[in-house]
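S.K.: Just to be clear, the model below is a prediction. Sequence and coordinates:
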Amino acid sequence: MEISIWDHSRYVKDRSNPYPEMAAMLRRFAGAGISRTDIYLPEVGNLDAYCAAAADAGMTVEARLHPQHAMERPPMRVLTEAQRRRMKQEQGIVLEAPCPCHPEFERQLAAAAERILAQYGNRLMGLQLDFIRGPNARCLLDYPCGCEACRAARQRYYGFEMPPEAVLREPWYLYKETARLSAHVRSTVIAVAAVTHRFGRKLSMAARSNYANCHGGLGPAVLEGQDWAEWATDGLLDEIIPMNYHTIHEYFVDNLKSHLRLMAGTPVKFTSGVARESSMGLLPPSEFRRRFEAMAELGVQGAFIFNKTNIYPDEYLSVIKEYAAK
């Protein structure tokens, strides 16, 4: 099984001289059979040092693009103060995120991919798209964006810039708003893919585990403009990794079966995401092993591991090493 990790280099204490700690940790990962690392650009600090450490450990590197952090001036969703107060009261958060329907979203994300590959392309196997969607589905529907692009589109299609409360659940409105979002996100994926392929690099994405009707988790992806099953059918990316971080084993297996069904027969590589520890919780070593047993039984060829601390005790690395050898 090909095993990769999502990394943030959170284990680095000396940020002024990160190479020794990066090299030591990446050699440890490589010794456990991990062949690829995907580094989160906002936290790596020194990508030159990281690429050098990975090369010395014999690992390949992807760089992860998060739109809000990759763009120079991200076009943020525009909310009124009343929307913000209501979101805080009803959801417990005020979700800030770029608007994928703004033309600057696509332009700036493609430009960010261009900048990274122009500087680091010979040291990266490719880029990975993260958060390539609208924000949380409920926040999209209940608190519509008021940026100039969204207002102009609604004025054209419906004759109003901001929806009255009475139409927020009308089927025609929900369909067109979701279709509009999906079209813009898809166009952005195509634009970034054109950049990576021009540089001869791969493009992967970290996908919502809940595509449409999967167990638990956030999403569903299709309501957030992330129709990754359709993108796989159309071959828009090189690899898709659903982030299947469930701490309930039955949910993990059910989602994995759904992912395999959705990806079957497509030209895109499927790799299953799995977590040691995420916002959903921490898996003990025995449960971590069960995830790999399930993936092996279902014929999964690759696993991508998330761990929010980036620290892997020996009990977990021994599981990884065992399955990397199979």
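M.R.: Arrived safely, thanks for sending.
S.K.: switch to C-alpha atoms for all contacts and neighbour counts from now on
M.R.: Noted.
S.K.: And the pLDDT for the closest residue to Ala183 other than its chain neighbours?
M.R.: Leaving out its chain neighbours, the residue that sits closest to Ala183 by Cα to Cα, 6 or more residues apart in numbering is Gly225, at 7.5 Å. Note for Gly225: predicted pLDDT of 96.
S.K.: List the contacts of Gly225.
M.R.: Counting by Cα atoms under 8 Å, 6 or more residues apart in numbering, Gly225 touches 133-134, 178-179, 181-186.
S.K.: let's go with 7 Å and repeat that
M.R.: Contacts here follow Cα atoms under 7 Å, 6 or more residues apart in numbering; on that basis Gly225 touches 133-134, 178, 181-182, 185.
S.K.: Ser278 touches Lys308, doesn't it?
M.R.: Yes: with contact defined as Cα atoms under 7 Å, Ser278 reaches Lys308; the gap is 5.7 Å.
S.K.: any chance you could map the helices in the stretch 101-250 of the chain?
M.R.: Using DSSP state H, counting those that start in this stretch, the helices of the stretch 101-250 of the chain run over 103-120, 137-142, 148-158, 171-198, 228-233, 249-263.
S.K.: if we can go back for a sec, for Leu127, see how far away the residue nearest to Ala183 is.
M.R.: Distance, Gly225 to Leu127, by Cα to Cα, to the nearest Å: 20 Å.
S.K.: Also His215?
M.R.: According to Cα to Cα, His215 and Leu127 sit 29 Å apart.
S.K.: Of those two, give the one with the bigger neighbour count.
M.R.: When neighbours are counted by other Cα atoms under 10 Å, His215 and Leu127 differ, and Leu127 comes out ahead with 25 against 19.
S.K.: phi, psi of Pro267?
M.R.: Per-residue torsions, Pro267: phi -80, psi 0 (degrees, to the nearest 10).
S.K.: Next, the contact list for it, please.
M.R.: By Cα under 7 Å, 6+ apart, the residues touching Pro267 are 232-233, 235.
S.K.: From what I see, Trp6 and Asp38 are in contact.
M.R.: Yes: assessed by Cα under 7 Å, Trp6 is found in contact with Asp38 at 4.8 Å.
S.K.: per-residue confidence for Thr35?
M.R.: To be clear, residue 35 is Ser; Thr isn't right here. Residue-level confidence at Ser35 comes out at 98, pLDDT.
S.K.: Sorry, wrong one. I was asking about Glu287.
M.R.: Looking at Glu287, its pLDDT stands at 98.
S.K.: Can you get me a residue count around it?
M.R.: Look at Glu287: counted by other Cα under 10 Å, it has 15 neighbours.
S.K.: Please list the residues outside the helix or strand harbouring it that contact it.
M.R.: Here Glu287, judged by DSSP states H and E, is contained in helix 285-297. Contacts to helix 285-297, defined as Cα under 7 Å, 6+ apart, come from residues 253, 276, 315-316, 319.
S.K.: What angle do helix 249-263 and that helix make with each other?
M.R.: 30 degrees (axes from the mean of the first three to the mean of the last three Cα atoms, to 10 degrees).
S.K.: which residues touch Asp56?
M.R.: Counting by Cα under 7 Å, 6+ apart, there are no residues that Asp56 touches.
S.K.: What distance do you get for it to Leu65?
M.R.: The gap separating Asp56 from Leu65 is 24 Å, by Cα to Cα.
S.K.: State the distance from Glu322 to Glu2.
M.R.: In terms of Cα to Cα, Glu322 sits 11 Å off from Glu2.
S.K.: Look at these two and report which has more neighbours.
M.R.: Shown here are Glu322 and Glu2; by other Cα under 10 Å, Glu2 has more neighbours (18 against 14).
S.K.: For beta bridges, what are the partners of the more buried one?
M.R.: Here Glu2 sits in beta bridges with Gly302, going by DSSP bridges.
S.K.: Next: Ile241.
M.R.: Ala206.
S.K.: any idea how far it is from Glu170?
M.R.: Distance from Ile241 to Glu170, by Cα to Cα: 33 Å.
S.K.: I'd say Pro135 and Ala97 touch.
M.R.: Yes: Pro135 is within contact range of Ala97, at 6.5 Å (criterion: Cα under 7 Å).
S.K.: Next, give phi and psi for Pro98.
M.R.: The phi and psi values for Pro98, taken as degrees, to the nearest 10, are phi -70, psi 160.
S.K.: show me the contacts for it.
M.R.: Under the criterion of Cα under 7 Å, 6+ apart, the contact list for Pro98 reads 68, 74-77.
S.K.: give me that answer again for 6 Å
M.R.: 74-77 (Cα atoms under 6 Å, 6 or more residues apart in numbering).
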